[in-house]
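**Q** with the input below, show me the fold.
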Amino acid sequence: MADAFVSFAVQKLGDFLIQEVYLRTSLREDVQWLRNELLFMQYFIKDAEEKQMEDRRVQQWVFEINAVANDAVAIVETYNFEAGEGDGFASRLKACACIGWKENKFYKASKEIQSLKRRIMEISRIRHTYGIADSNNAGGGPSNRPTDQSAMLRTRRRTTSYMDDHIFVGFQDVVETLLAELLKAEPHRSVISICGMGGLGKTTLARNLYISPDIVSSFQIRAWVCVSQEYNTMDLHRKIIESIQGRTKENPDSVDKITESDLESHLVDLLKEHKYLVVVDDVWQIEAWESLKRAFPDSENGSRVIITTRKEEVAVRAVDRGFVHFLRFLRQEESWDLFCRKLLDVREMIPAMESLAKYMVDKCQGLPLAIVVLSGLLSHKRRLEEWKRVKAHLWQSFKYDSSEIFLILSLSYNDLPTVLKQCFLYIGMFPEDQELEAENIMQLWMAEGFIPRGEEGIEDVAEGFLNELISRSLVQVAETFWEKVTRCRVHDLIRDLAIKKALEAHVFDIYDPRRHSISSFCLRHAVHRQAQRYLSLDLSNLKLRSVMFFDPEFSELGIINFRNVFQHIYVLYLEVQSGTELPDSIGSLYHLKFLRLRGIDYLPSSIGNLKNLQTLCVLNEFGRLCHLPPKTTNLINLRLLVAPYSEPLKHISKLTHLQVLQGIHCDQWNDVNPVDLINLRELTMNRIKKSYSLNHIGSLKSLSILMLYCKNDESFPALEFLSRCQKLKKLFLHGRIVNLPLSDPFPNSITMMILQRSELTEDPMPLLGMLPNLRNLELVEAYEGEEITCSDNSFSQLEFLRLDTLLNLERWHLATSSMPLIKGLAIDFCPKLNEIPERMKDAVLLKRGRSCY
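**A** Model prediction:
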């Protein structure tokens, strides 16, 4: 993991040299030297990190480099910030009054860089003296064994599937579905992909299909090969040939006599005359499949290939004509069934032990591998007290009694690109079993500097990173809206893996009130409870970068020494007791980029000092409003403002970097000139009245997402302004619409629309059907009429439609050429609609509560 932070430091030092053109020569040379040394050390770190668990010297060496890298980033960012204070008339007066003002900055930065140089030289001396991170001999002595346990596990997986001995339970519906895909009357060779996180049972499912009597009798040839992360295509060809020859006896020649250049053609010859099934297990790279698929001929005889993978990209791209199945977690009853089947003697389980076991099985959250490991662990502990100890330290018991489970999960982590590792680890800072807001996670990554800048917008890059973690089965989707992930979660074992890896690399630590301790080496602290006790620790010498408090019982923010202890932090996350007062000293956190508050009603005027703040999020229970002081508009670098606030911010148009604005009330918009909000792409406005004008919204040239909520029993004012929002893609209108304008009220750019509680009396379908890019439409209590009509050529791009609580709807007229691309349909609480158009019966029926977006 240190390689990620060293890479980050190298980038920051390089940016610093480019931006600071007028640096004193000596300081520039020192910074350049430091950057080059870190760049050179980066080449050794990855190999060293793989060996650090075997050798404490290596672990300490990696830590020292990580510490230097983090300190280097802190130095250049502090310099940049203090130099930035020199802008403006007041600061120029200060400079004139004190000739040595700027000289002091150079001197301070130079002195700190010189100190880092000495540390780097000492680190290099230690490496050479003790042979640390030598690619041939990191441990100081010869060894012919694999360098770590995970390497041995990878070696094992090349020859056998890890979960073959697990008892298969659940997924009977999945087996039937996949058997139907394998046996269907499709002559062309097709691929079935099974995708899911490590330990979910992909291999076990594939094995059960492979040995199924229906499969055995239907395929003349069956073969199995395990690819894993490190593979050799020629070796894989050999293993498949050996597997086939062991069954068909058609080719007596030994595979060892076949030259490498002939292996692929020989395999093709073996397969082309037969109906075959090949399982390609544990595929990590699409390149691995691309290198193999040429050897699987399509003789149009119904041959099939099954692929198992943790990566969605591999699963989808491998399927040309075929089927992708994303494996689910076991249900509660399936989990208990699996546990009991694997337990050595379930009859000895007394009621008290059963209660403990059910709790622990539930904590496994439907992951078969975890359940099987738990069963094996408890099978060898016969006394109630022993089971209680396992329950009290569940994941620790897994680590010590069955390290293989963490090695299997670690494979996904180790496969991550460097830039994604730090993003993944960061998720471990949140409390267990907590659903995470996707927007929140991405803003935190940006504040920490984890997201590289480039031609693509930084928000888009962050969203791509989150989607990549999801596609690699490390993060689970909890909720989606409008084709975006809005909430996500991680399995407890994956979270524990993140915490374990983060502690090894000193990325963050979580305060342990039982030991009343926290790592002084970590730059990021999370406090999940007893925050007041945490603050009694001596934190004065730490240069903390991030602090997160998740303690709803904590209210004494006044005891926090913001000016000294937290003066360097970039991220402050406060979830505290409702009604807690935020002290004025918050304004001294000049470096702060991310501030999220829950339980705070009033923000002091000093908040306006936080000129580097990019994210300000204030969320309170039960919709309670917060007070934002007028100086909030001084936060000129703010990109996201989410705060249901009580008083108008008259000069909000000064926030020209603002991209997301949520919580504004309609009457607070009247004095706003939105012309300068050139970057605003998402706006949520509440408490709209018919007497107000929304015309200013039409001036937001970058607006892409608009969500408008009427005040109770109010209706929308005129909506003609929407036609001027030429980049608008997603529109949500909640409230009565007296009449939709006869001419085009909506821009053609709209792709998604929700009309909720609109109470329309005229059929909206003729107007909405003409939108050329509309893909998703949801009508909820939106129409009071008895029939809707979708005419010819209407809804040309519509894919998903939801009709919800249309209580008077009786008839739906659908022209033959309307909705040609429809995929999903949801109809809920439409009691008088007894029949849907015949053609709609082929669309996938979506369940209530499941967003089709």
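**Q** helices along the stretch 251-400 of the chain, start to end?
**A** Taking DSSP state H, counting those that start in this stretch as the criterion, the stretch 251-400 of the chain carries its helices at 260-272, 286-293, 312-317, 332-342, 351-363, 368-379, 384-392, 394-401.
**Q** tabulate those (a markdown table), appending distance to residue 561 and mean neighbour count.
**A** C-betas here are computed from N, CA, C, even on glycine. Conversion of the helices of the stretch 251-400 of the chain to a markdown table gives the following (distance: least, C-beta to C-beta, whole Å; neighbours: other C-beta atoms under 10 Å):
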| stretch | distance to residue 561 | mean neighbour count |
| --- | --- | --- |
| helix 260-272 | 68 | 16 |
| helix 286-293 | 52 | 18 |
| helix 312-317 | 46 | 18 |
| helix 332-342 | 47 | 18 |
| helix 351-363 | 38 | 15 |
| helix 368-379 | 42 | 23 |
| helix 384-392 | 35 | 14 |
| helix 394-401 | 34 | 16 |
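**Q** do you know which of those lies nearest residue 191?
**A** helix 286-293 (8.2 Å; C-beta to C-beta).
**Q** kindly export that closest one (C-alpha atoms) in PDB.
**A** The C-alpha coordinates for helix 286-293 follow below in PDB (Å, rounded to 0.1, in the frame of the first residue of the first chain):
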ATOM      1  CA  ILE A 286     -10.000 -10.500 -20.100                       C
ATOM      2  CA  GLU A 287      -6.600 -11.100 -21.800                       C
ATOM      3  CA  ALA A 288      -6.600 -14.500 -20.200                       C
ATOM      4  CA  TRP A 289      -9.900 -15.400 -21.900                       C
ATOM      5  CA  GLU A 290      -8.900 -13.800 -25.200                       C
ATOM      6  CA  SER A 291      -5.700 -16.000 -25.200                       C
ATOM      7  CA  LEU A 292      -7.800 -19.100 -24.700                       C
ATOM      8  CA  LYS A 293     -10.900 -18.700 -26.600                       C
END
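**Q** and it, average pLDDT?
**A** The average pLDDT for helix 286-293 rounds to 90.
**Q** so it versus helix 260-272, what angle?
**A** Angle of helix 286-293 versus helix 260-272, following axes from the mean of the first three to the mean of the last three C-alpha atoms, to 10 degrees, is 70 degrees.
**Q** when you give positions from now on, start the count at 352
**A** OK, 352 is where the count begins now, so the last one is helix 637-644.
**Q** weakest of the helices of the stretch 602-751 of the chain in terms of mean pLDDT?
**A** helix 745-752 (a mean of 65).
**Q** buried ones in stretch 563-582?
**A** 563, 566, 569-570, 572-580, 582 (16 or more other C-beta atoms under 10 Å).
**Q** same thing with stretch 833-847?
**A** The neighbour-count check on stretch 833-847 (16+ other C-beta under 10 Å) flags 833, 836-847 as buried.
**Q** ok, so of the residues you listed, who is nearest residue 1156?
**A** Closest approach between these and residue 1156, by C-beta to C-beta: residue 833, at 20.1 Å.
**Q** quick check: phi and psi at that closest one.
**A** Residue 833 adopts backbone torsions of phi 60, psi 50, taken as degrees, to the nearest 10.
**Q** ok, now the one 3 residues further on?
**A** Comment: the main-chain dihedrals of residue 836 come out as phi -70, psi 120, following degrees, to the nearest 10.
**Q** got a list of what it touches?
**A** By C-beta atoms under 8 Å, 6 or more residues apart in numbering, the contact set of residue 836 is 789, 817-818, 821, 828, 830.
**Q** same thing with residue 935?
**A** In this structure, residue 935 makes contact with 955-957, judged by C-beta under 8 Å, 6+ apart.
**Q** tell me the spacing between it and residue 964.
**A** Here the criterion is C-beta to C-beta, to the nearest Å. By it, residue 935 lies 16 Å from residue 964.
**Q** for PyMOL, what selects the buried ones among the contacts of residue 836?
**A** Here is the PyMOL command that selects the buried residues among the contacts of residue 836 (16+ other C-beta under 10 Å):
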select buried, resi 789+817+818+821
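**Q** in helices, which of the contacts of residue 836 fall?
**A** Using DSSP state H, the members of those that fall in helices are 789, 817-818, 821.
**Q** can you tell me which of those residues is nearest residue 714?
**A** Looking across the ones in helices among the contacts of residue 836 and measuring by C-beta to C-beta, the closest to residue 714 is residue 821, at 22.5 Å.
**Q** so who does that closest one touch?
**A** 663, 827-828, 836, 839.
**Q** tell me how far it lies from residue 829.
**A** 11 Å.
**Q** okay, and the common contacts of the two?
**A** By C-beta under 8 Å, 6+ apart, residue 821 and residue 829 have these common neighbours: residue 839.
**Q** ok so, going back, from the buried residues of stretch 833-847, which land in strands?
**A** The strands, defined by DSSP state E, take in 836-840 from the buried residues of stretch 833-847.
**Q** save those as JSON lines, and put in distance to residue 1013 and pLDDT too.
**A** Formatted as JSON lines, these follow (distance: C-beta to C-beta, whole Å; pLDDT from 0 to 100):
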{"residue": "836", "distance to residue 1013": "18", "pLDDT": "93"}
{"residue": "837", "distance to residue 1013": "13", "pLDDT": "93"}
{"residue": "838", "distance to residue 1013": "16", "pLDDT": "94"}
{"residue": "839", "distance to residue 1013": "19", "pLDDT": "94"}
{"residue": "840", "distance to residue 1013": "23", "pLDDT": "89"}
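**Q** mind picking the two most distant members of those residues?
**A** Spatial extent of these (C-beta to C-beta) is set by the pair 837 and 840 at 12.0 Å.
**Q** may I have the strands that pair with the strand ranked longest in the chain, each with its orientation?
**A** As assigned by DSSP E, the longest strand anywhere in the chain is strand 922-931. Strand pairing for strand 922-931, using DSSP bridges, gives strand 897-901 (parallel), strand 945-951 (parallel).
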